[in-house]
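# Quick one, fold the following:
(one chain, ligands or ions: 1)
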Amino acid sequence: MTYTTILTETRGRVGIVQLNRPQAMNAFNLVMLGEVFDALEAFDKDEAIGAIIVTGNEKAFAAGADIKEMAEASYVQMVVEERVAVWDRIRKIRKPVIAAVSGWALGGGCEFALSCDMVIASESAKFGQPEITIGVIPGAGGTQRLARLVGKHLAMEMVINNRTLTAQEAQQFGLANRIVPVEGYLDAAVTFADEVASRAPMAVRMAKDAVNAAFETTLTEGLNVEKRDFYQLFATEDQKEGMTAFIEKRKPNWKGK
Ligand code: HXC
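Numbers count the residues shown, from 1 in each chain. From the prediction side, this is the model:
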């Protein structure tokens, strides 16, 4: 597959999608959005891949949706071109997606990171929802995911008053899993992702499914999802292998079956 706005590579069982519009601070235009989701879906289908990283460059993860592409759009164009709906494609990815964020993660860039399963932030990472400064509001889940993650009052301040979070604050409020030095931030994210990718693949899938249910259902429904997923894992060879390996005091050899 040839892409024009992203770069892709694999390192062991980790697939990497790198946003590559540095001249525009990696702003998401429609082409890049399509390519990112195509690449994520391709890695999701690839059995050799266990975890996926999305990253930008040291200066910018992504500065949001491409304002120049959107500035003259009409209401009808926004709806017909599915500029908002297309972002839903990330919710269908079943493998863990890790955002490796350095520099700016603004607007849609912050929303993209919020849509990932985990976030590794470099010391220079800055997260914000500045849409209010250009006369709009977040449109790719910012108001909803941010409020669930950091709470109502801070989400209000970020969305209404353009408060940005440093990497330290992002970690403090649960938006970033860990902070790493800017230099080598991607390598650090790969090390992290590699560990994720080494886990039993079916159990990882079920784990992601069950944790996500916590944000979309009542407690009772979520507990039922967890119970169903837990029982289903007893139909896998990896459950037998994992428990046998524990008893035999050896490392498990996962098959993903
Ligand atoms: C288009 C962008 C852009 C963007 C930066 N650029 N962000 N182009 N869309 N979102 C371009 C600039 O126009 C400039 O192009 C080049 O990238 C470098 O940016 P500078 O502003 O010169 O860099 P700097 O001074 O370092 O400031 C970096 C920045 C700033 C803080 C990230 O660029 C900025 O505030 N960007 C906009 C952030 C934003 O408002 N995002 C929300 C977008 S709306 P030239 O050609 O001049 O060199 C959104 C809604 C999502 O995301 C909804 C989804 C459905």
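
# Enumerate every residue touching Glu241.
The contact partners of Glu241, taken as Cβ atoms under 8 Å, 6 or more residues apart in numbering, are 252-255. (Each C-beta comes from the backbone N, C-alpha and C, glycine too.)

# mind checking how far the helix or strand where it lies is from the chain centre?
Glu241 belongs to helix 237-247 when elements are defined using DSSP states H and E. When C-alpha coordinates are averaged (Cα atoms, centre = their mean, to the nearest Å), helix 237-247 and its chain have centres 30 Å apart.

# burial of Pro181, as a residue count?
When counting by other Cβ atoms under 10 Å, one arrives at 11 neighbours for Pro181.

# For it, which non-adjacent residue is spatially closest?
Among residues not flanking Pro181 along the chain, Glu123 sits closest, at 6.0 Å (Cβ to Cβ, 6 or more residues apart in numbering).

# The ligand contacts on this protein?
Contact residues (Cβ under 6 Å from any ligand atom) of the chain with the ligand: 24-25, 27, 63-68, 83-84, 87, 104, 106-108, 130-131, 134, 138-140.

# So which of these sit within helices?
Among the residues of the chain next to the ligand, the members found in helices (DSSP state H) are 67-68, 108.

# Can you say which of those residues are buried?
Gly108 (16 or more other Cβ atoms under 10 Å).

# still on that earlier bit, what about the helix holding Glu241, average pLDDT?
What helix 237-247 shows for mean pLDDT is 98.

# Would you mind listing the buried residues in stretch 32-50?
Within stretch 32-50, the residues scored as buried using 16+ other Cβ under 10 Å are 32-40, 43, 49-50.
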